[in-house]
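Undergrad: Pasted the sequence and its predicted model underneath.
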Amino acid sequence: MRAFQALTSEPWAIEPSWLPILAALAQRNHGAPELKAVEGWSKRDYDLFAGPAGRRLEGARYTMVTDGGVAIIPVFGPIFPRANMMTEYSGAASATQLQADHAIALRHPDVGAVMMLYDTPGGAVSGINALADQINAGKKSKYTMSYVSGTAASAGYWLASQGHEIAGERTAMVGSIGVVAAMPKQVEADGDGYLTVEVVSSNAPNKRIDPTTDDGQAKVREMLDAIEAEFIADVARGRGIKAADVPERYGQGGVLVGAAAKAAGMIDKIQSYEASVAALSRMVANQRKVEALKGR
């Protein structure tokens with residue numbers, strides 16, 4: 001029950017179909033789709049994403065570093081503000097842990113470039129703007145590529161837009177720019193026959209908004225619009241366009257795929273993961289050659 005209350009207590013920047021899935025998981029609905037646990041990386045994961053010489057970056061939870069000096073930070077599954085049961089056992093990601101890993105990658109001398117690797121429907125709004133700010137600021141010290149291996153939707157695209165460039169597979173899906181809130185309302189007695197009645201003080205009617213009324217929905221939408229404005233402003237900053245152009249050009253809350261996303265300016269390149277890592281590795285090698293020449 002606490003997990004469900006947490007789910008419905010804050011706004012989400014997530015692909016719409018995922019919110020009922022998370023609600024079902026939070027209520028331990030056994031009919032909900034199973035999310036695979038990510039308990040660190042297996043040797044196969046290292047070989048697949050970082051190459052045979054890849055290794056976990058010292059001190060990091062999620063991040064790997066390739067022998068070419070590319071830090072790969074996977075943003076997989078729904079994004080939660082902090083580590084919890086979902087992140088530990090259900091393959092989700094923690095915004096605070098991603099922040100910590102990203103900071104380690106920026107400081108580490110073995111890392112010459114950063115790849116944020118996305119396959120996420122988005123997640124909770126809390127902590128996303130801070131992580132977006134950190135990624136945007138961090139690219140001033142180390143080149144940062146966002147790579148979409150599957151989906152970078154909603155909060156995922158919020159983050160992906162902050163890199164120097166966005167590359168992805170031909171089937172990469174990006175967008176779903178917008179914010180949603182799920183608000184429960186008890187309309188009949190529970191299984192034990194109890195009906196909860198809440199009474200608020202006279203000067204605080206908005207502490208308990210009724211989402212089933214027009215006035216209640218208007219109040220909720222006012223809050224969501226304020227968060228969406230920050231979302232849009234960050235996307236515009238990251239992509240170098242005007243905020244007013246984001247809603248019209250970037251899907252109006254929907255997702256765009258591959259070539260359509262590139263035509264709209266939502267991504268920069270359609271290329272394979274291997275080609276993207278190779279390009280970053282060459283960049284790092286060239287940087288190191290220049291630094292070596294300067295050190296002579």
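TA: That came through, no problem. Not measured: the values here are computed from a predicted model.
Undergrad: Setting the sequence-adjacent residues aside, check what's closest to residue 177.
TA: Counting by Cβ to Cβ, 6 or more residues apart in numbering, residue 250 is the residue found nearest to residue 177 once chain neighbours are left out, at 5.7 Å. No exception for glycine: its C-beta is placed from N, CA and C like everyone else's.
Undergrad: Please report how far that neighbour lies from residue 106.
TA: Residue 250 is 28 Å from residue 106, where distance means Cβ to Cβ, to the nearest Å.
Undergrad: Check which helix or strand residue 106 maps to.
TA: Assigned by DSSP states H and E, residue 106 falls within helix 95-107.
Undergrad: And that helix, what's buried?
TA: 95-102, 104-106 (16 or more other Cβ atoms under 10 Å).
Undergrad: Show me what the following helix or strand past that helix pairs with in its sheet, parallel or antiparallel.
TA: Sequence-wise, the next helix or strand downstream of helix 95-107 (DSSP H and E) is strand 113-120. Strand 113-120 has the following strand partners under DSSP bridges: strand 70-76 (parallel), strand 143-153 (parallel).
Undergrad: Any idea which of the ones you listed gets closest to residue 82?
TA: With Cβ to Cβ as the criterion, residue 82 lies closest to strand 70-76 of the strands paired with strand 113-120, at 15.2 Å.
Undergrad: what does the helix or strand just after that closest one rub up against?
TA: Once strand 70-76 ends, the next helix or strand along the chain (criterion: DSSP H and E) is strand 79-80. Strand 79-80 is contacted by residues 86-87, 92-95, 98, 120, 122-124, 128, 155-156 when judged by Cβ atoms under 8 Å, 6 or more residues apart in numbering.
Undergrad: do the same with stretch 231-242
TA: Contacts for stretch 231-242 (Cβ under 8 Å, 6+ apart): 13, 129, 132-133, 136, 157-158, 161-163, 177-179, 243, 245-247, 249-250, 265-266.
Undergrad: Can you flag which of these belong to strands?
TA: Of the contacts of stretch 231-242, the ones assigned to strands by DSSP state E are residue 13.
Undergrad: Just the buried ones from the contacts of stretch 231-242?
TA: The buried subset of the contacts of stretch 231-242 (16+ other Cβ under 10 Å) comprises 13, 129, 132, 136, 157-158, 161-163, 177-179, 246, 250, 266.
Undergrad: so where's the stretch 151-296 of the chain uncertain?
TA: 183-184, 296 (pLDDT under 70).
Undergrad: quick one: the strands in it?
TA: Secondary structure of the stretch 151-296 of the chain (DSSP state E, counting those that start in this stretch): strands at 165-168, 173-175, 255-257, 269-270.
Undergrad: Turn the ones you listed into CSV, including distance to residue 145 and mean neighbour count.
TA: Shown next, in CSV, are the strands of the stretch 151-296 of the chain (distance: least, Cβ to Cβ, whole Å; neighbours: other Cβ atoms under 10 Å):
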stretch, distance to residue 145, mean neighbour count
strand 165-168, 6, 24
strand 173-175, 14, 26
strand 255-257, 19, 19
strand 269-270, 9, 15
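Undergrad: Compile those into a markdown table and extend it with columns for distance to residue 66.
TA: Converted to a markdown table, the strands of the stretch 151-296 of the chain look like this (distance: least, Cβ to Cβ, whole Å):
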| stretch | distance to residue 66 |
| --- | --- |
| strand 165-168 | 16 |
| strand 173-175 | 24 |
| strand 255-257 | 28 |
| strand 269-270 | 19 |
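Undergrad: between the ones you listed, which one is nearest to residue 223?
TA: In terms of Cβ to Cβ, the element of those nearest to residue 223 is strand 173-175, at 22.0 Å.
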